[in-house]
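Visitor: Okay, predicted coordinates and the sequence, questions at the end:
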Amino acid sequence: MTDWALDTPYLLWGLPLMLLPLWRLPLRPAPCSWHALLPVDTASRAVDLSLRLAGAGAILALLLGSAGLHRREYTVERTGYGAHMVLLLDRSRSMDDSFAGRTPTGGEESKSAAAERLLSGFVSSGRNDLVGVAAFSTSPLFVLPLTDNKAAVLAAVHAMKLPGLAQTHVSKGLAMALSYFGDDSSAGSRIVLLVSDGAAEVDPDSELKLRRWFKEKGIRLYWIFLRTAGSHGIFETPDNPEDDNAQARPERYLHLFFSSLGIPYRAYEAEDADALERAIADVDREEQRPLRYAERVPRRDLQAFCYLAAALALAWLVAAKGMEVAR
Amino acid sequence: MKHKEFHYRLTWRADGVQPGAHPSRQGGGVHAFQRLVPFQAHPDPRRLHLRASLGDPGGHFWVRLHEQRGRIAVYALADLSASMGYRGRASKTAVLADFTEGLALSSYRTGDVMGFVGLSDRGVPDFHLPPTRQVGAALMLAERLRGFRPTGGSARGLLHAVRYLPSRRGLVFLQSDFHFPLGFLKQVMESLAHHDVVPVVLWDPEESAPEASGLALMQDMENGMERLMWLRPALRARLSQTFQERRERLAAMLRGFGREPLFLSGGFDPDAVTRYFHAG
């Protein structure tokens, strides 16, 4: 499972140098008239062996250190509570307005800023979600694939504070959000959390495709609709039957489309930051299922350990040299 | 200058004809009375023994025969294998040179001829001085010995020493550190059994009881093998004990060949050599 590797393996050609300290000791030989008269001494032999091994070890550690020994990055499968979640964020220009539909002034908070603040809190709340971020305006924006890297998700969510782009083209965004999930639907629950302040008509081509995908991939859909004061709600039935069409009331028709998908679907209408918070808390509570996910353990450099080992071995050798009998 | 001479004494009788200082089997001298011989065997009327001649029923004349003291050849037989290059408190070759000098002077004063054979691993001597009464030659050899660095890998040449020694029994000082197996020593001693061999063991206090503490990489001077020793009081005690045991085994072995070994530790002491011959 753990995988060791070197940056510059050709330095290992120096490994035969290890034989040198095994062959000769780094002490100056003192003439002795006859070895047979020297008593056999276990402690001396242990010191001898330790010096030889320290020499070889020091060379080995230095070579491994300079060759850049490291443990490769690998992934472990973990179980946690959370979901595979794609935050699909509306980046249309209207998101920069306040809930009152104006350019925010003074203490007012724009819809995007409120969504950013609350989503940040949601992301960093200690769940083991695998979160991906996608955005859409006229065309979909690929922001961040599914990842357990909270810092990256937070950065992607913070990017919502940047001024928005143009129109709302929700069907392309949905298609992109769905493309985040693979075909294997077994791993945990899959959520698309759509945060938008408007909607658009879903054209028939996309509609077919989306229907199929939502079904195939077993997606649970949450739609947090940031309703601007005075606009039409998603649950409202228009008084005038003439207005009851996808062009006039895209929000309502998108809602009807989602409801007709035959997948778990919840829609929240948030008219202010508090309502948005409640909606997010709701999602947080609902989506606490055991989730198996793969965690990436990053590469770990072991050079420091190599150099530490080399330093210790060399220190022992230097100490031995200091203990050498001067003649 | 410190005196270097010592006195040696034989426990046997020389059998040479040349007059000298040692007890001899040769008659005709003026020293101790040996026996009565018939006048015809030693026709010297001055030594006529009256009582024996008058009492002889056959009427033969008897004369007294007195001993003539004889001269012997004294040899220094030196082991010049590499281990003799050991330098402890004193260099062993220097001790060897001192001893040779002392022997040259002593044998000159005693009136004996002296020779030197220095052998290492070959059968050909590195140093060879045929028996001579010229003390200067031996002194020069001793001087050359002082600057000699022995390199021979073993002392096997000692087995050939007998070829360079005279045929008459002589006094041979076998100078070596005796750092070779006892079996080899036995062979050497057997090859020299004809002579009176005085084993002179040159050891150094530094090799049996080193004063230093710490790590020492001991390199055998003859085969170059290295062994690390961590010198500490416990090991030093064991080292001295090993040398003590070696000393006892050497003595026991050499006693069987008729002579106690003479241990010279850390230098040449002529008085110690004199004591060896005269005390006990």
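Guide: In hand now; what should we look at? Residues are numbered from 1 along each chain as shown, chains lettered A, B, ... in the order given.
Visitor: mind checking how far A:Ser50 is from chain B?
Guide: In this view, A:Ser50 and chain B are 10 Å apart by C-beta to the nearest C-beta, to the nearest Å. Heads up, the C-betas are built off the backbone N, CA and C, glycines and all.
Visitor: That residue: how many residues sit nearby?
Guide: 16 (other C-beta atoms under 10 Å in any protein chain shown).
Visitor: Enumerate every residue touching it.
Guide: A:Trp316 (C-beta atoms under 8 Å, 6 or more residues apart in numbering or on different chains).
Visitor: so it is in which element?
Guide: Using DSSP states H and E, A:Ser50 falls within helix A:42-67.
Visitor: domains of the chain?
Guide: Just going to use chain A. A:4-28+A:42-73+A:299-322, A:76-295 (automatic domain parsing).
Visitor: actually it's chain B I care about, not the one you picked
Guide: In terms of domains, chain B is parsed into B:27-66, B:72-278 (source: automatic domain parsing).
Visitor: how about low-confidence regions in chain B?
Guide: Applying pLDDT under 70 to chain B flags residues B:1, B:280.
Visitor: quick one, helices of it?
Guide: Under the criterion DSSP state H, chain B contains helices at B:50-54, B:92-110, B:135-146, B:182-191, B:205-208, B:233-255, B:270-278.
Visitor: Can you tell me which residues in the stretch 151-300 of chain A are near chain B?
Guide: By C-beta under 8 Å from any C-beta of the partner chain, no part of the stretch 151-300 of chain A sits against chain B.
Visitor: starting at the chain centroid, how far to stretch B:15-22?
Guide: Distance, stretch centre to chain centre, for stretch B:15-22: 18 Å (C-alpha atoms, centre = their mean, to the nearest Å).
Visitor: circling back to that earlier point, could you dump the domains of chain A to JSON lines with mean pLDDT?
Guide: As requested, the domains of chain A are exported to JSON lines (pLDDT from 0 to 100):
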{"stretch": "domain A:4-28+A:42-73+A:299-322", "mean pLDDT": "91"}
{"stretch": "domain A:76-295", "mean pLDDT": "76"}
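Visitor: which of these sits most buried?
Guide: Of all the domains of chain A, domain A:76-295 carries the top mean neighbour count, a mean of 18, counting by mean count of other C-beta atoms under 10 Å in any protein chain shown.
Visitor: Tell me the first helix or strand C-terminal of the helix holding A:Ser50.
Guide: Using DSSP H and E, the next helix or strand after helix A:42-67 towards the C-terminus is strand A:69-71.
Visitor: export the domains of chain A to JSON lines and tack on distance to B:Met221?
Guide: Converted to JSON lines, the domains of chain A look like this (distance: least, C-beta to C-beta, whole Å):
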{"stretch": "domain A:4-28+A:42-73+A:299-322", "distance to B:Met221": "15"}
{"stretch": "domain A:76-295", "distance to B:Met221": "62"}
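Visitor: and A:Val86, what does it touch?
Guide: Residues in contact with A:Val86 (C-beta under 8 Å, 6+ apart) are A:Val131, A:Gly132, A:Val133, A:Ala134, A:Leu146, A:Ala177, A:Tyr180, A:Phe181, A:Ile191, A:Val192, A:Leu193.
Visitor: Is it in a helix, a strand, or coil?
Guide: Here A:Val86 is strand, with the state taken from DSSP: H, G, I helix; E, B strand; the rest coil.
Visitor: quick one: it and chain B, what's the gap?
Guide: Computed with C-beta to the nearest C-beta, the distance linking A:Val86 and chain B is 68 Å.
Visitor: wait, which of the domains of chain A is closest to B:Ala73?
Guide: Judged by C-beta to C-beta, the one of the domains of chain A that comes nearest to B:Ala73 is domain A:4-28+A:42-73+A:299-322, at 44.7 Å.
Visitor: quick one: that closest one to chain centroid distance?
Guide: 37 Å.
Visitor: For it, what is the spacing between the initial and final residues?
Guide: 37 Å (C-alpha to C-alpha, to the nearest Å).
Visitor: and if you look at stretch A:227-243?
Guide: Note: stretch A:227-243 ends 19 Å apart using C-alpha to C-alpha.
Visitor: Could you pull up the residues touching the single nearest residue of the stretch 51-200 of chain A relative to chain B?
Guide: Nearest residue of the stretch 51-200 of chain A to chain B: A:Leu51, at 7.2 Å (C-beta to the nearest C-beta). Contacts here follow C-beta under 8 Å, 6+ apart; on that basis A:Leu51 touches A:Pro21, A:Leu25, A:Pro26, A:Leu27, A:Trp316, A:Leu317, A:Ala320, B:Leu228.
Visitor: quick one: which of those sit in helices?
Guide: A:Pro21, A:Trp316, A:Leu317, A:Ala320.
Visitor: The residues you listed: which ones sit near chain B?
Guide: Taking C-beta under 8 Å from any C-beta as the test, chain B is in contact with A:Ala320 out of those.
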